[in-house]
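*Asks:* Prediction below, plus the sequence it came from.
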Amino acid sequence: MKTVIRISATLCLCTFAFGSVADEQRPDHFKGQQVGTLSEAVTLFRDGNQKLQQLLQGELTPAKMVEIHQLTYTLENALDKIHSETMELKNVLEDVHLGSESMDFGKVKQQAKHYLDTANTLSK
């Protein structure tokens, strides 16, 4: 019995050790849909989330897991684009903030328009 436990423990440790090495060397299997604009990213994000929710209905199967795996690449691309755009948006809003403090009417008008155009894309 002790031998069986030792073998099982050794196999578990080997599985974790090899699994972590495999993760580090794992190639990207899929590219996912590429995202060019914030509008595309928001659409892919919304549609991808709906698709994921549908795939999670009922029992998960190997076929569903493959679809989920592929879908995550597109969702990651969308989130990367949304993240980069919102980081830029934060800077634009800071310009509006600083412009309002210094009563820079032109800067506020220009940067607030830019901010709102982008923010409206996010809230569609």
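*Replies:* Thanks, I have the structure now.

*Asks:* dump the residue contacts of Gly41.
*Replies:* I think there's a mix-up here, since residue 41 is Ala and not Gly. With contact set as C-beta atoms under 8 Å, 6 or more residues apart in numbering, Ala41 has these partners: 35, 77-79, 81-82, 85. For the C-beta atoms, the positions are set from N, CA and C on the backbone; glycine is no exception.

*Asks:* Mind doing that once more with 10 Å?
*Replies:* 33, 35, 77-85, 121-122 (C-beta atoms under 10 Å, 6 or more residues apart in numbering).

*Asks:* can you check Asn77 too?
*Replies:* Each residue near Asn77 by C-beta under 10 Å, 6+ apart is listed here: 31-35, 40-41, 44-45, 48.

*Asks:* Out of those residues, give me the two with the largest separation.
*Replies:* The largest separation in the contacts of Asn77, counting by C-beta to C-beta, is between Lys31 and Phe45 at 16.7 Å.

*Asks:* Kindly provide the distance from the nearest residue to Thr37 once chain neighbours are set aside to His97.
*Replies:* Sequence neighbours aside, Lys81 is the residue nearest to Thr37 in space, at 7.8 Å (criterion: C-beta to C-beta, 6 or more residues apart in numbering). Distance, Lys81 to His97, using C-beta to C-beta, to the nearest Å: 25 Å.
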